[in-house]
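Colleague: just to be clear, the model below is a prediction. Sequence and coordinates:
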Amino acid sequence: MAQPKFKADMITPRANETFIRAAAIADSPHASPARMLQDSLETAFNGDTARWSARRSAAFIVSFNLVAWAMIGTGIMRLLG
């Protein structure tokens, strides 16, 4: 079995470099692109903007599909009949 080229205990940290480590409970969050995306998504989903209710959305979807399929059916009947 081949030995790994570097072992973790052989690595000595340098003052000007940062290493990846698991977050501790005492760590404070910092601004990152992922954190900003999560915050903007939370604002978008939980904002105070006027939104349709689920019942109104379902009614719109059902009525749109009924009209679309009726138009498709009518078009097919006119082509064949």
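Modeller: That came through fine.

Colleague: where in this protein is pLDDT low?
Modeller: The model of the chain has pLDDT under 70 over residues 1-18, 47-49.

Colleague: now find how far off-centre the lengthiest helix in it is within its chain.
Modeller: For the chain, the helix with the greatest residue count under DSSP state H is helix 54-80. Its chain's average C-alpha position is 30 Å from that of helix 54-80, according to Cα atoms, centre = their mean, to the nearest Å.

Colleague: just stretch 45-54 next, same as before
Modeller: Distance of stretch 45-54 from the chain centroid (Cα atoms, centre = their mean) equals 18 Å.

Colleague: what's in contact with it?
Modeller: F60 (Cβ atoms under 8 Å, 6 or more residues apart in numbering). C-beta: built from backbone N, CA, C; applies to glycine.

Colleague: now do 10 Å
Modeller: Residues from elsewhere that reach stretch 45-54 (Cβ atoms under 10 Å, 6 or more residues apart in numbering): T43, S57, A58, A59, F60.

Colleague: for it, buried residues please.
Modeller: Within stretch 45-54, no residue qualifies as buried by neighbour count (16 or more other Cβ atoms under 10 Å).

Colleague: begin at 39 from here
Modeller: Taking 39 as the first residue, the last one we looked at is stretch 83-92.

Colleague: just the CA trace of it, in PDB.
Modeller: Only the C-alpha atoms of stretch 83-92 are listed here, as PDB (Å, rounded to 0.1, in the frame of the first residue of the first chain):
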ATOM      1  CA  PHE A  83     -40.200  34.200   0.200                       C
ATOM      2  CA  ASN A  84     -41.100  35.900   3.500                       C
ATOM      3  CA  GLY A  85     -41.400  39.500   2.400                       C
ATOM      4  CA  ASP A  86     -44.400  41.700   2.800                       C
ATOM      5  CA  THR A  87     -45.100  41.900  -0.900                       C
ATOM      6  CA  ALA A  88     -48.600  41.200  -2.100                       C
ATOM      7  CA  ARG A  89     -48.900  37.500  -3.100                       C
ATOM      8  CA  TRP A  90     -51.700  35.400  -4.400                       C
ATOM      9  CA  SER A  91     -53.200  32.800  -2.100                       C
ATOM     10  CA  ALA A  92     -52.800  29.100  -2.900                       C
END
